[in-house]
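K.L.:
Below are the sequence and a predicted model for it; my questions follow.
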Amino acid sequence: RAAEPKGPQKVPGIDRILAIASGKGGVGKSTVSANLAVALAQQGRRVGLLDADVYGPSQPRMLGVSGRPASPDGKTILPMRNHGVTMMSIGLMTNDDQAVVWRGPMLMGALQQMLTQVQWGALDVLIVDLPPGTGDVQMTLSQKAQVDGAIIVSTPQDVALLDARKGIDMFQQLKVPLVGMIENMSTHICSACGHEEHVFGHGGVAAEAAKLGVPLLAEIPLDLQIRLAADGGAPIAISQPDSAQAQAFHDIARAL
Ligand code: ADP
């Protein structure tokens, strides 16, 4: 009898898995994931997006996808597709108003299912939008699948940074390489008068990245267009590809 495989496994057909993580919720992890996915797709990369944010799956809304994924053979699941991105979300497996109060083993089962039973096809990159924090989903993903890199999203605020540091520590323990950090909601430029304001402070993530010796991939402003595009189902990187805000995402995607 063949021995059970030990340690993280490569998912067949998927070249690279990149996890997008944050210490706390609401810092823009899903916005960054969606924009990176569409930017990668626009650059001709075969890209998948797995929305594993069990507590607040927002990718169906951000990528403008709805409905239940089909399972013609009753065993595998057909992913959804929009803006050139192949996607699957835990939000498409539960009812809209159903609170996700799953225990660890159920979460692990759902994650495993999304990784191995979804017909991802051949992908250059699979982006995984993780839940915030350092919980079961992060551990299971990195223990079951070979995660090739993690990107940490944080606002410059002290509290968010403190939590981000815990996330970095977790990935280091799990031996997942850190691709870099992204400062989101970095500055706010008033759309009426152009005045620049540091709502959550500024430069905190750059300082942290320098201290940890991790690249700072971008400083994304707090911007109304970014929010409207994400809520409207067409992330700014695809709906306004020539805008300065979109360029930041395209620059990161090119370097990935
Ligand atoms: P998380 O995944 O970390 O919980 P989200 O990506 O869902 O965070 O973002 C939380 C809210 O903030 C969303 O409404 C999103 O549209 C908005 N948002 C995220 N990043 C920005 C930004 N740079 N500028 C404006 N709004 C943003």
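P.N.:
Alright, I've got the coordinates. Numbering: from 1, shown residues only.
K.L.:
quick one: residue 184 and the ligand, what's the gap?
P.N.:
Residue 184 is 5 Å from the ligand, where distance means C-beta to the nearest ligand atom, to the nearest Å. No exception for glycine: its C-beta is placed from N, CA and C like everyone else's.
K.L.:
low-confidence ranges in this structure?
P.N.:
1-5, 95-103 (pLDDT under 70).
K.L.:
Count the residues that sit near the residue lying closest to residue 129 once chain neighbours are set aside.
P.N.:
Spatial nearest neighbour of residue 129, chain neighbours left out: residue 33 (4.0 Å); criterion: C-beta to C-beta, 6 or more residues apart in numbering. For residue 33, the number of neighbouring residues by other C-beta atoms under 10 Å comes to 29.
K.L.:
Does residue 55 touch residue 24 like I think?
P.N.:
No - if you go by C-beta atoms under 8 Å, residue 55 and residue 24 don't touch, sitting 11.4 Å apart.
K.L.:
Who has more neighbours out of the two?
P.N.:
residue 24 (19 against 15).
K.L.:
Confirm that one sits in a helix?
P.N.:
No - counting by DSSP: H, G, I helix; E, B strand; the rest coil, residue 24 is not part of a helix but coil.
K.L.:
who in the stretch 51-200 of the chain is up against the ligand?
P.N.:
56, 58, 184-185 (C-beta under 6 Å from any ligand atom).
K.L.:
So which of those residues belong to strands?
P.N.:
184-185 (DSSP state E).
K.L.:
which of the residues in stretch 130-138 are buried?
P.N.:
130-134, 136-138 (16 or more other C-beta atoms under 10 Å).
K.L.:
What is the burial count for residue 196?
P.N.:
Count around residue 196 with other C-beta under 10 Å applied: 11.
K.L.:
who's in contact with the residue in the stretch 151-256 of the chain positioned nearest to the ligand?
P.N.:
Closest residue of the stretch 151-256 of the chain to the ligand, C-beta to the nearest ligand atom: residue 227 (3.5 Å). Residues near residue 227 by C-beta atoms under 8 Å, 6 or more residues apart in numbering: residue 31.
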